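Q: here is the input, now give the coordinates:
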Amino acid sequence: MQIIPQLADYPQLRKWFEQWSQSSPDLSCASDFLLFRLCDALDTIDTVGVRRWLDAFRLFLQRSQHPLEDFLTAEALAETCGTQIMELIGLIAEQAILRDQGDLFFDAMKAGAESTRLVVFRFFAAWTALNIGRLEQCVGECEKVDQPYAPIYTLQGQALLELGRQTEAVEVLDVATQLAANEPLGWFQLAKAHHVGGDPEKAFAALRKCKQISPNNLEVSLYMAMIALESNAGVSLAEEAADGTNKLLAAYGSNPTVVFTLLGLACRTGRKADAVTLLNQVNWGQMSVQSDLLRTLPRVLRRLHDVGWIDIASKLLSGITPAV
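A: Numbers count the residues shown, from 1 in each chain. Next comes the predicted model:
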């Protein structure tokens, strides 16, 4: 299981933490108390450590006379120790999800948002709701934000898409990409929304923008290839997607879904030489342990038959024979 990085990963912060070794700060100094409890959670890499911080955070919100000011003071204190307090809270968030404490973290972040009016707490609440499957609550938390904050719109769009509200998702994600044109996640989610809506051209355009921002993102290249294979996608999209074949094969040469997608792409573009090269580079030995091999095989064989590449189909079957 992934664990929270130990406090040793933040040497300046650890030094500050160790100064309190004799007696920990109490709520008479709320900012020190909050940061100390974060350090304690980082130093206690288990479920109990996460729970203790959540309890401390709720106590901070209840007892602080000025939660916003005290939190900002804690944030400034963390910066003097060479780190960002929101980065630390993000680590707690990931661990809360992994350790089945997402509901508790959601409640804590929602309370934080209501006490401090900080958008970032609303973001953490929405993010947590999305990751524990509380999609309506994710949308609800996002709708409470009245500031132009791109990550909130991206989260809201993703939740709407998972709820099957594709048209609303496109509208929200359009706003997200306008607010943060160089953030690839917004474009990727917008591509998914257009894809679900049956518009491969718009989905591909969003992925194209995503690839410009993050040219080495193999997930984007694979998604381009998958969209290009759809019946209502133009051949020109397949030609463009084929440019990413080599990198995908190098990274996923033992994954049958990827290999068969690339073979389908070769069929779609009529590039038989690409299909031959691909089969010569496939890692057949490792592919044999993939459980989805038989499920995806018939489709690619059908594509090879349709374009008359019987020799390629024969070579494919020969390569996977030990697996089947």
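
Q: centroid residue for this protein?
A: In the chain, the C-alpha nearest the mean C-alpha coordinate belongs to L185, at 7.8 Å (CA atoms, centre = their mean).

Q: hmm, that residue is touching L155, no?
A: No: contact criterion CB atoms under 8 Å: L185 and L155 do not qualify, at 9.6 Å. Backbone N, C-alpha and C define where each C-beta goes, glycine included.

Q: now find how far off-centre the helix-or-strand element of the chain with minimal mean pLDDT is within its chain.
A: Using mean pLDDT, DSSP states H and E, helix 284-287 stands out as the lowest-scoring helix or strand of the chain, at a mean of 76. Mean C-alpha position of helix 284-287 versus that of the full chain (CA atoms, centre = their mean, to the nearest Å) differs by 28 Å.

Q: downstream of that helix, the next helix or strand is which one?
A: helix 293-306 (DSSP states H and E).

Q: who touches the biggest helix by length in the chain?
A: Ranked by residue count, the top helix of the chain under DSSP state H comes out as helix 47-63. Identification of contacts with helix 47-63 by CB atoms under 8 Å, 6 or more residues apart in numbering yields 4, 27, 30, 33-34, 37-38, 40-44, 67, 70, 92, 95-96, 99, 101, 104-105, 108, 111-112, 115.

Q: give me the buried positions along it.
A: G49, V50, R51, W53, L54, A56, F57, R58, F60, L61 (16 or more other CB atoms under 10 Å).

Q: need the pLDDT of the closest residue to E239 other than its chain neighbours.
A: Excluding the flanking residues, the one nearest E239 by CB to CB, 6 or more residues apart in numbering is T269, at 5.6 Å. In this prediction, T269 carries a pLDDT score of 91.

Q: so what's T269 up against?
A: T269 sits next to V235, A238, E239, A242 when contact means CB under 8 Å, 6+ apart.

Q: re earlier: as CSV, could you dump the C-alpha coordinates of the least confident helix or strand of the chain?
A: Extracted in CSV, the C-alpha atoms of helix 284-287 (Å, rounded to 0.1, in the frame of the first residue of the first chain):
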residue,chain,number,x,y,z
TRP,A,284,4.8,-12.3,-26.9
GLY,A,285,6.1,-13.9,-23.7
GLN,A,286,4.8,-11.2,-21.4
MET,A,287,1.5,-10.9,-23.4
